[in-house]
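1. no sequence on this one, just coordinates:
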DNA sequence: CATTGATACAACCATATGGTTGTATCAACC
DNA sequence: GGTTGATACAACCATATGGTTGTATCAATG
């Protein structure tokens, strides 16, 4: 089914707005239509509707028709996609630290090679 | 020292650009100055410098003077701040699932209460 | 100390974004 | 089937963003 082709730009852009993050948060546990969502914020219904559209394009929420309303639900998958990228960065970071530790271990036999004076490249 | 007052807007906005994410990735393991970074991308030095400035304002990178260059380093803390928010969302999601399971368990004794007809407010 | 390598910043442009109001669609319900 | 509740969408505006070129700063280095 391919939830999202991992297009990070719209994903993070969608998360870069306080109102949209709050919609995501609400849509995790609540089952509100767009109008009900809009009542929580100090802006017009249309503005909120546009925010919802942005979130939907980013794959962060889905809408399901229920009666007259379109109930907004957060898509966990998209959140995980974003988190996974950050995890990868963290992993890279750890790897770098490990590499540095190895280097330090290697040069343990020749201690004051780097000591007290660092000629920079 | 208060690395970042958890201002998510600039944080996610900074991550919502392919070039900037790539700079973050590079700056995790490399130790490049702004000019060296710029050479990796098909845009002007000034454009890259602006991207670096955006990342710095978001707290995602720091610069350290080394010789003539300003070496760009990724700030793990900021990445973790972003990840933590996503983790919280995921946690909320799990909590909702748990709650739903509880409800299902509760109504196990009185099965067809909700069955075949849902009066929707 | 004058030069130069590396960076920062200002001014400008095109397009994107976040908000508004107004209108159109469209399924529920009487 | 006409009315209405809920949503979508168009047009518009102000500001932000991502790019450009050009100029200024500023510390290393000869």
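-> Yep, that arrived. Note that the structure is a prediction, hence the values are computed from the model and not measured.
2. report the longest helix in chain A, please.
-> Longest helix in chain A, counting residues (DSSP state H): helix A:76-106.
3. Now do the contacts for the residue nearest the centre of chain A.
-> Nearest residue to the geometric centre of chain A (CA atoms, centre = their mean): residue A:82, 3.9 Å. By CB atoms under 8 Å, 6 or more residues apart in numbering or on different chains, residue A:82 lies in contact with A:8, A:11-12, A:15, B:86. For every residue, glycine as well, the C-beta is placed using N, CA and C.
4. Let me know the closest of those residues to DNA strand D.
-> Sorting the contacts of residue A:82 by distance to DNA strand D puts residue A:12 at the head of the list, at 10.2 Å, by CB to the nearest atom of the strand.
5. Can you pull the poorly scored residue ranges out of chain A?
-> A:1-6, A:108-121 (pLDDT under 70).
6. what residues does it put near DNA strand D?
-> A:33-36, A:45-46, A:49, A:52-53, A:63, A:68-71 (CB under 7 Å from any atom of the strand).
7. circling back to that earlier point, for the longest helix of chain A, which positions count as buried?
-> Judged by neighbour count using 16 or more other CB atoms under 10 Å in any protein chain shown, the buried positions of helix A:76-106 are A:76, A:78-83, A:85-86, A:89, A:92-93.
8. Tell me how far it lies from the chain's centre.
-> In this view, helix A:76-106 has its centroid 16 Å away from the chain centroid, taken as CA atoms, centre = their mean, to the nearest Å.
9. What angle do helix B:76-106 and that helix make with each other?
-> Helix A:76-106 and helix B:76-106 are oriented at 140 degrees to each other (axes from the mean of the first three to the mean of the last three CA atoms, to 10 degrees).
10. rewinding a little: can you pick the most crowded of the contacts of residue A:82?
-> residue A:15 (27 neighbours; other CB atoms under 10 Å in any protein chain shown).
11. Touching stretch A:90-101 from outside, list them.
-> Contact with stretch A:90-101 is made by B:25, B:28-29, B:74, B:76, B:79-80, B:83, as judged by CB under 8 Å, 6+ apart.
12. Sweet, I'm off.
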